[in-house]
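**Student:** missing the sequence, but the structure's below:
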Ligand code: AHR
């Protein structure tokens with residue numbers, strides 16, 4: 001068998017793009033224990049004066065999550081935002097249709113905006129284009145962003161006056177001030193028959209366009225995301241994107257992409273090749289955007305918001321069962337995927353793929369953030385803890401800021417059940433020009449052999465090796481838990497050699513690698 005190899009050439013003169021930090025975003029939906037028992041749990045030992053779990057906030061801050069999409073997801077298509085504001089005691093409980101739950105509205109727009117401030121993140125708000133339309137979207141925008149002197153902005157300002165709890169919050173957090181939400185999603189997965197208020201592409205495209213125009217009349221500086229396909233398996237993909245953009249090209253800035261992968265047939269090689277599908281998905285959506293651009297003789301580019309991506313399959317069976325037989329309840333255990341080591345590798349590969357397309361993918365949200373298909377889990381009476389997928393996400397967000405470089409990757413390849421010509425190694429690099437650091441992200445997806453990655457880094461004269469972080473484990477199914485971090489990154493010191501502008505790094509079989517070079 002031919003020797004396995006991987007080579008990259010990294011040159012400051014061959015950038016992909018400056019990375020928009022918003023590709024390291026995440027997502028909190030009113031679903032399962034994401035909000036109640038996740039970010040919010042009054043009475044928990046770590047809860048602050050607003051009921052937010054400080055242990056969760058600490059982990060979110062450690063990752064450095066720049067944007068958080070909220071409040072859904074499928075939830076948003078039946079969301080009545082007015083129910084989620086005002087004195088907490090007056091807020092109604094509602095039947096939440098998407099996840100067959102009872103929504104108590106204890107956390108709403110004000111509270112989540114306050115949580116975002118504490119987490120050091122920007123709110124990416126979604127509006128309901130399922131059961132509602134232009135007026136609810138504009139009213140929510142006025143509520144959130146208009147300073148005062150109008151119906152909904154004054155409502156925001158007055159909130160808290162009747163309620164002693166909120167008076168404190170207002171003084172403390174300045175909730176009287178507008179929230180200044182710049183990023184808005186125009187509905188969610190409107191192509192999906194499961195979506196409350198599901199529409200055809202033409203119906204949705206028209207509604208998205210009219211809603212976008214009205215919202216931009218209120219604030220032209222908003223950035224608006226139209227719904228693309230829910231996944232590449234949809235029968236309407238990618239005509240959906242073309243039709244929606246034919247209607248809304250001039251009024252929106254982004255089109256969304258969503259994808260979730262799983263290892264349902266326990267075929268790890270095939271599972272780890274699925275980032276190639278993500279790559280293909282991105283290329284197709286870019287082509288579709290540019291096709292509509294050409295048809296419209298437009299000068300504007302539509303950017304991509306990959307605002308739901310992750311591994312999601314572990315909890316599917318249990319969830320399907322609960323969804324059908326469960327009585328209505330608040331914050332049931334749903335979508336609580338327990339991630340293993342190989343999931344972390346695929347998440348790393350997906351991050352590499354996003355970075356390779358950072359010229360067009362300007363936003364992305366790991367779905368989701370806490371308890372629901374999430375890197376962070378919480379114990380009701382215990383701590384918050386890190387799933388395996390936490391680590392590649394942390395590393396990319398921490399070290400993947402700056403300019404993504406075209407790696408010109410050449411690697412030996414293999415075929416899997418669904419994919420051909422899958423590179424044994426996938427890799428990308430980010431040059432942080434401010435800190436003068438170069439970070440190479442690389443996954444060896446070969447399950448049997450270590451592979452030496454040769455990187456030509458002559459363009460980085462004077463740089464030396466800072467560290468080589470590795471996530472690897474003999475057991476692909478190893479998991480973490482509240483009490484035990486079985487899958488934990490380590491720093492290795494015997495795998496790299498940098499000489500005359502050539503870096504040789506040994507990538508352990510089935511491993512996620514973060515190789516950092518710097519001047520200082
Ligand atoms: O993230 C979980 C769900 O997945 C979201 O609510 C929906 O948008 C997608 O189908």
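**Tutor:** Nice, I can see it. Keep in mind that this is a model prediction, so the values were computed, not measured.
**Student:** For residue 431, give the beta-bridge partners.
**Tutor:** Judged by DSSP bridges, the bridge partners of residue 431 are residue 403, residue 438.
**Student:** Touching, it and residue 401? I think so.
**Tutor:** No. In this structure residue 431 lies outside contact range of residue 401 using Cβ atoms under 8 Å: 10.0 Å. Using the backbone N, CA and C atoms, a C-beta is placed for each residue, glycine as well.
**Student:** Skip the chain neighbours and tell me the closest residue to the residue of the stretch 51-200 of the chain found nearest the ligand.
**Tutor:** Using Cβ to the nearest ligand atom, residue 73 is the residue of the stretch 51-200 of the chain that sits closest to the ligand, at 2.9 Å. Distance criterion Cβ to Cβ, 6 or more residues apart in numbering; nearest residue to residue 73, sequence neighbours excluded, is residue 29 at 3.5 Å.
**Student:** and what of residue 106?
**Tutor:** That would be residue 88: by Cβ to Cβ, 6+ apart, it lies 6.1 Å from residue 106.
**Student:** wait, the one you found sits on residue 104?
**Tutor:** No. Taking contacts as Cβ under 8 Å, residue 88 lies outside contact range of residue 104: 9.3 Å.
**Student:** follow-up on the earlier one: give me the three-state assignment for the residue nearest to residue 73.
**Tutor:** coil (DSSP: H, G, I helix; E, B strand; the rest coil).
**Student:** my guess is it contacts residue 68, does it?
**Tutor:** No. Look at residue 29 against residue 68 with Cβ under 8 Å: they stay out of range, at 10.2 Å.
**Student:** who's more crowded, those two?
**Tutor:** residue 29 (26 against 23; other Cβ atoms under 10 Å).
**Student:** quick one: contacts for the residue of the stretch 351-500 of the chain found nearest the ligand?
**Tutor:** Closest to the ligand within the stretch 351-500 of the chain is residue 367: 4.4 Å, counting by Cβ to the nearest ligand atom. Neighbouring residues of residue 367 by Cβ atoms under 8 Å, 6 or more residues apart in numbering: 26, 27, 73, 258, 260, 307, 308, 309, 310, 312, 373.
**Student:** Give the bridge partners for it, please.
**Tutor:** Here residue 367, judged by DSSP bridges, has bridge partners residue 27.
**Student:** how close does it sit to residue 72?
**Tutor:** 11 Å (Cβ to Cβ, to the nearest Å).
**Student:** what's the helix or strand encompassing residue 154 in contact with?
**Tutor:** If you go by DSSP states H and E, residue 154 is part of helix 151-158. For helix 151-158, contacts defined as Cβ under 8 Å, 6+ apart pick out 85-86, 110, 139-140, 142-144, 146-148, 175-176, 178.
**Student:** buried set for that helix?
**Tutor:** Neighbour-count burial for helix 151-158, counted by 16 or more other Cβ atoms under 10 Å, picks out 152, 153, 156, 157.
**Student:** Ok, stretch 509-519 next?
**Tutor:** Going by 16+ other Cβ under 10 Å, stretch 509-519 has these buried residues: 509, 510, 511, 512, 513, 514, 515, 516, 517, 518.
**Student:** got it, and stretch 204-220?
**Tutor:** Under 16+ other Cβ under 10 Å, the buried positions of stretch 204-220 are 204-212, 214-216, 219.
**Student:** Please list the members of these that lie in helices.
**Tutor:** 204, 205, 206, 207, 208, 209, 210, 211, 212, 214, 215, 216 (DSSP state H).
**Student:** Wait, residue 243 touches residue 203, no?
**Tutor:** No. Here residue 243 does not reach residue 203: they are 9.8 Å apart, not a contact under Cβ under 8 Å.
**Student:** In terms of neighbours, single out the busier of those two.
**Tutor:** Neighbour tally, residue 243 and residue 203, criterion other Cβ under 10 Å: the higher count belongs to residue 243, 20 against 14.
**Student:** what about the more buried one, helix or strand, and which?
**Tutor:** Short version, using DSSP H and E: residue 243 is in helix 239-248.
**Student:** Follow the chain on from that helix and name the next helix or strand.
**Tutor:** Immediately after helix 239-248, counting by DSSP H and E, sits strand 254-261.
**Student:** hmm, which helix or strand of this structure has the shakiest average pLDDT?
**Tutor:** helix 164-173 (a mean of 41; mean pLDDT, DSSP states H and E).
**Student:** next structured bit after that helix?
**Tutor:** strand 183-186.
**Student:** Could you pull up phi and psi at the residue most central in space within the chain?
**Tutor:** Residue closest to the average C-alpha location in the chain (Cα atoms, centre = their mean): residue 365, at 1.4 Å. Backbone torsions of residue 365, given as degrees, to the nearest 10, read phi -130, psi 120.
**Student:** same check, this time on residue 499
**Tutor:** Torsion angles, degrees, to the nearest 10, at residue 499: phi -150, psi 130.
**Student:** Ignoring the adjacent residues along the chain, who's closest to residue 262?
**Tutor:** Nearest to residue 262 is residue 313, by Cβ to Cβ, 6+ apart, at 2.6 Å.
**Student:** and the one you found, helix, strand or coil?
**Tutor:** coil.
**Student:** Wait, the residue nearest to the centre of the chain touches residue 28, no?
**Tutor:** No. With contact taken as Cβ under 8 Å, residue 365 and residue 28 are classed as non-touching, separated by 9.6 Å.
**Student:** shared neighbours of the two, anything?
**Tutor:** With Cβ under 8 Å, 6+ apart as the test, residue 365 and residue 28 both reach 68, 69.
**Student:** is it true that residue 519 touches residue 466?
**Tutor:** No. Contact criterion Cβ under 8 Å: residue 519 and residue 466 do not qualify, at 9.6 Å.
**Student:** Give me the common contacts of these two.
**Tutor:** residue 437.
**Student:** So what touches the biggest helix by length in the chain?
**Tutor:** Counting by DSSP H, the longest helix found in the chain is helix 274-295. By Cβ under 8 Å, 6+ apart, the surrounding residues in contact with helix 274-295 are 228, 232, 238, 241-242, 245-246, 249, 255, 257, 259, 261, 298, 300-302, 304, 306, 309, 346, 349-350, 352-354, 356-357, 360-361, 418-419, 422, 426.
**Student:** restrict those to those near the ligand?
**Tutor:** Cross-checking the contacts of helix 274-295 against the ligand (Cβ under 6 Å from any ligand atom) gives no overlapping residues.
**Student:** My reading is that residue 447 lies in a strand. Confirm?
**Tutor:** No. The assignment for residue 447, made by three-state DSSP, is coil rather than a strand.
**Student:** Just want the angle from the host helix or strand of residue 440 to helix 274-295.
**Tutor:** Taking DSSP H and E as the definition, one finds residue 440 inside strand 437-444. If you take axes from the mean of the first three to the mean of the last three Cα atoms, to 10 degrees, strand 437-444 sits at 120 degrees to helix 274-295.
**Student:** Who are the packing partners of strand 437-444?
**Tutor:** Packing contacts for strand 437-444, counted by 3 or more Cβ pairs under 8 Å, 6 or more residues apart in numbering; DSSP states H and E, involve strand 6-9, helix 341-356, helix 390-399, strand 425-432, strand 451-456, strand 502-507, strand 511-518.
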